[in-house]
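Asker: The following block contains a protein sequence and its predicted model.
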Amino acid sequence: KMKKNKLKTGILAGVLTALAPAAADAQVPEDIDPASRMGVLGANLALQTSICGIVAAINDRNILKDIGQCFGGATIQYIGMEMGVHEVPVLPGFGLRTVETGTSIIYNTLQGKEPFETLQYEFAPVLLEIDTKKFDMRLFWRPYPIYGAISFMVKGYKFNLGDTMNYQTPVFEMTRDNLNVVGQTEANLIAYDRNYPSAKAHEFTHVMQYVRYRPFQLLVPDSLGFLEDEAYLRIGEDIAKSITSFPNTICHLGGESCSRRWWAIHELEAHAMASGYEDQNKYEEVE
């Protein structure tokens, strides 16, 4: 059993680390082929079903059943991601909740549970978990969104209530910098330059990526299980974020924007999904 757990941990760590986002910087938008979003769909389906199939085999579960559940969960995730990149009132926020539902299915499947046995929905550092079998609820918190909020406020970014309600995640306003950065994401908090509203589509994709890293919580060592069980602190998503942020952190130390680097898989996905925005290059002069 110990060997199975170690192998399971290694597989999940490797694949989920590849999916996890680093701190995101969106630069002035450029034309991207909208068809590239189909690559995101295909990659997500392939990776998620592969993870579930391998974990099912390791744990002697019905492989086809788990693959089918994760195929459905990954499809729901992508539908939500598509909703999230369109400038339509209420739709982005609904898209976020849709991605969370798909992620809940995958998270449950990896644990050998029924697809909708638990459902998880977040706002800033707070994560609500609903147990549909026991009709019970638990609240958890994560450190990284708290850091993001403090970071944005220290930088003087202005909180945008309207966008926050529309996107169902905290949104701030920033000003384009000398590296042409027009948007930033820290965990599930967004900042963007109002002159470049299309940056929201890019940054919101990073928020939806953060949702998809929740299975990383399964890799937290048993010795730290008390954090979740007793302190209601989840660190899995944040560990994934920290690990994959390291290359970008090094890049930033050189005073460069790291938005378009071949090794930044999470950025490639965000650029591809942003092509679904009604006008990628939309520029609005805002007073």
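Answerer: Great, that's in hand. Just so you know, these numbers come straight off a predicted model, no measurement behind them.

Asker: Tell me the first helix or strand C-terminal of the helix or strand where I54 lies.
Answerer: Following DSSP states H and E, one finds I54 within helix 36-58. Where DSSP H and E defines the elements, the next helix or strand beyond helix 36-58 is helix 63-84.

Asker: Show me which positions of whatever helix or strand comes next after that next one end up buried.
Answerer: Once helix 63-84 ends, the next helix or strand along the chain (criterion: DSSP H and E) is helix 91-110. For helix 91-110, burial by neighbour count (16 or more other Cβ atoms under 10 Å) applies to 91-93, 95-96, 98-110. Bear in mind the C-beta positions are built from the backbone N, C-alpha and C, glycine included.

Asker: quick one, helices of the protein?
Answerer: Applying DSSP state H to the chain gives helices spanning 2-19, 36-58, 63-84, 91-110, 143-154, 161-167, 199-212, 225-229, 236-253, 265-274.

Asker: for the ones you listed, which one sits closest to E117?
Answerer: Between E117 and those, the shortest gap by Cβ to Cβ is with helix 91-110, which sits at 5.1 Å.

Asker: Now do the contacts for the residue nearest to A270 when sequence neighbours are not counted.
Answerer: Nearest in space to A270, with sequence neighbours left out and distances taken as Cβ to Cβ, 6 or more residues apart in numbering, is T205 at 4.2 Å. For T205, the contacting residues are M81, G84, V85, E269, A270, M273, A274, taking Cβ atoms under 8 Å, 6 or more residues apart in numbering as the criterion.

Asker: ok, and the closest non-adjacent residue to the first one?
Answerer: Of all residues not flanking M81 in the chain, M208 sits nearest, at 5.4 Å (Cβ to Cβ, 6+ apart).

Asker: The one you found against V99, yeah?
Answerer: Yes: under the criterion of Cβ atoms under 8 Å, M208 is in contact with V99, at a separation of 4.7 Å.

Asker: How much space separates N44 from I76?
Answerer: Using Cβ to Cβ, to the nearest Å, N44 is found at 11 Å from I76.

Asker: Next: A57.
Answerer: Between A57 and I76 the distance, using Cβ to Cβ, works out to 23 Å.

Asker: which of those two has more neighbours?
Answerer: Relative neighbour count places I76 above the other of A57 and I76, with 19 against 12, counting by other Cβ atoms under 10 Å.
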